[in-house]
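**Student:** Give me a 3D structure for the following:
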Amino acid sequence: MTVLLTNDDGIDSRGLEALYQGLSTVTDVVVVAPATDQSGVGRARSDMGDGRSNDVEITDHQWGYVADGTPADCTALGLRGIPEADEIELVVSGCNHGPNVGSYLMGHSGTVGAVIEGSFLGVPGIAVSAYDPDSYYPDDDAFGPAGEVTARLVDSLLDSPVFSDAVDLLNINIP
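**Tutor:** Predicted coordinates for the structure are as follows:
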């Protein structure tokens, strides 16, 4: 299995790094992540006529690719516009800094928007967020364990029918 890894916090985020490190221990991973922080854009795409450029540039990165678009752009590019696209069987987005719970937050979350885009394109996904139950936002040390938990989850799903016709995506929030 090859996992497409993206996020909404940008290529340099600690959460993305933690998921890349964790997932790389259990499966092949290719990253297509935004060049900059795209938090709160939901499922917006650059070609939706909302003032964003219709042209999304993509450049090479040591883990895969960097795109100057939204998380949904990154997912679409990863599933349709890179050489590894035909190998991808799962989209993982995150690790978000803070939880994504409730319909309001989930509707605005670029982390969740990326996996929704994947499900519309026929590939299931997992949105991953880390949070601190006391202070809401975790410190950077929380991302390592979140990467490990996500790797264990993906590893357990490799031979599982969880993403059958009934389930398109999972939204997990790791304390």
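
**Student:** centre of the chain versus the lengthiest helix in the chain, how much separation?
**Tutor:** Counting by DSSP state H, the longest helix found in the chain is helix 143-157. The chain centre lies 13 Å from the centre of helix 143-157; the measure is CA atoms, centre = their mean, to the nearest Å.

**Student:** Strands of the protein, start to end?
**Tutor:** 2-6, 28-34, 58-61, 64-67, 88-97, 125-130, 169-174 (DSSP state E).

**Student:** pull the CA atoms of the fourth one into CSV?
**Tutor:** What that stands for is strand 64-67. Taking Å, rounded to 0.1, in the frame of the first residue of the first chain, the C-alpha atoms of strand 64-67 are listed here in CSV:
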residue,chain,number,x,y,z
GLY,A,64,7.5,13.8,-2.3
TYR,A,65,6.1,17.2,-3.4
VAL,A,66,5.2,20.7,-2.3
ALA,A,67,2.2,22.5,-3.9
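
**Student:** and Thr6, bridged to which residues?
**Tutor:** Beta bridges link Thr6 to Ser93, judged by DSSP bridges.

**Student:** Tell me the pLDDT of it.
**Tutor:** Here the pLDDT value assigned to Thr6 is 98.

**Student:** so how many other residues sit close to it?
**Tutor:** For Thr6, the count of nearby residues is 36 (other CB atoms under 10 Å). C-beta here means a position set from N, CA and C on the backbone, and glycine is covered the same way.

**Student:** isn't it right next to Ile88, touching?
**Tutor:** No: taking contacts as CB atoms under 8 Å, Thr6 lies outside contact range of Ile88: 11.0 Å.

**Student:** shared neighbours of those two, anything?
**Tutor:** Gly78 (CB atoms under 8 Å, 6 or more residues apart in numbering).

**Student:** and Ile116, which of the strands of the chain is closest to it?
**Tutor:** strand 169-174 (6.7 Å; CB to CB).

**Student:** Identify each buried residue in stretch 99-114, please.
**Tutor:** 99-100, 105-106, 108-114 (16 or more other CB atoms under 10 Å).

**Student:** dump the residue contacts of the nearest residue to Asp60 once chain neighbours are set aside.
**Tutor:** Distance criterion CB to CB, 6 or more residues apart in numbering; nearest residue to Asp60, sequence neighbours excluded, is Val66 at 7.8 Å. Applying CB under 8 Å, 6+ apart to Val66 gives the contacts 11, 32-35, 58-60.
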